[in-house]
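> Quick one, fold the following:
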Amino acid sequence: MAEPRSPQLITRLIDGRICSYALTADVSGVLEPAAVFRPVAGDEAVGAAVSADLQRAVYATLNAVVCVSDAGDVLWRVALDPYTDEPHGHRPGCVLSRDDQVVWVYRPDAMAGRGGPDQWVALDAGTGAVVARTALDTVGHGACQFLHPGDGSVLLDVGEGQDGSVIYRATPGDDGAPAFDAYPWSDRCLIDLAPGGEQFMTVDHGQEDVAFHAIRTGRCCSPSPSRRSDTIRTRSGRSGAAAI
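Numbering: from 1, shown residues only. A predicted model of the protein is given here:
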């Protein structure tokens, strides 16, 4: 079981720097970064995450995922092949698992013009090697990823602009390979998980209602629109190799 990070870290991109802030129970006032990382010269980070020990940062550009040390050394770099020169409409994203062992990467490949579907990829945080990947039924511009506080699972909310929002879940399998599930909606936005991880909150894409769902099944735990299904769809993961 993955242990929650302590203290809680929030990472922001500010003036080209990767700034990580530690939130503790006694924090108040204006926060100062607990750690600051700089992307490699020439890289423009569009998403980033920092390890709990503040020793490493992982960031995504439009065409790569890069891990750097607190001294500025590049630990690994993985290309998001094939290269795209499309500058607009797509923003890859990354997040570190709670144990800092896996980097979860969302690839908006359809909008990037890479000729394939969007992908959700798990990388070994130490080497950048692909651990698992799955193709997604989305044409997303970007996504938010949410770490479950206890069971090691990750939720992904892919934003498709006016076409809606699709939510997926990756769960550690008995054999170590994650299982990928899709919740049965294309028009609900994930807001956050409950502190204990037993539920999550969504709002209708048109902001018509709010609902709370059981994490494992997606079943509504509060009054919900009657047209929603309560069954998640399961998809199998696929292992991969070097470049992603």
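
> what residue is smack in the middle of the chain?
residue 145 (3.0 Å; CA atoms, centre = their mean).

> Spit out the contact partners of that residue.
By CB atoms under 8 Å, 6 or more residues apart in numbering, the residues touching residue 145 are 93, 94, 95, 104, 106, 154, 155, 156, 157. C-beta coordinates here come from the backbone N, C-alpha and C atoms, glycine included.

> Kindly report the same for residue 9.
Shown in contact with residue 9 (CB under 8 Å, 6+ apart): 20, 21, 22, 23, 34, 50, 52, 54.

> my read: the fourth one touches residue 11, true?
Just to be clear, that refers to residue 23. No: in this structure residue 23 lies outside contact range of residue 11 using CB atoms under 8 Å: 11.5 Å.

> Which residue of these two possesses the greater neighbour count?
It is residue 11, of residue 23 and residue 11, that has more neighbours when counted by other CB atoms under 10 Å, with 21 against 11.

> does the more buried one really touch residue 17, like I thought?
No: applying CB under 8 Å as the test, residue 11 and residue 17 come out as separate, 10.6 Å apart.

> got the contacts of residue 145 as CSV, with secondary structure columns?
Below are the contacts of residue 145 laid out as CSV (DSSP: H, G, I helix; E, B strand; the rest coil):
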residue, secondary structure
93, strand
94, strand
95, strand
104, strand
106, strand
154, strand
155, strand
156, strand
157, strand
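
> will you turn the residues you listed into CSV that also has distance to residue 86 and pLDDT?
Formatted as CSV, those follow (distance: CB to CB, whole Å; pLDDT from 0 to 100):
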residue, distance to residue 86, pLDDT
93, 17, 98
94, 19, 98
95, 23, 97
104, 23, 98
106, 16, 98
154, 27, 97
155, 27, 98
156, 22, 98
157, 23, 97
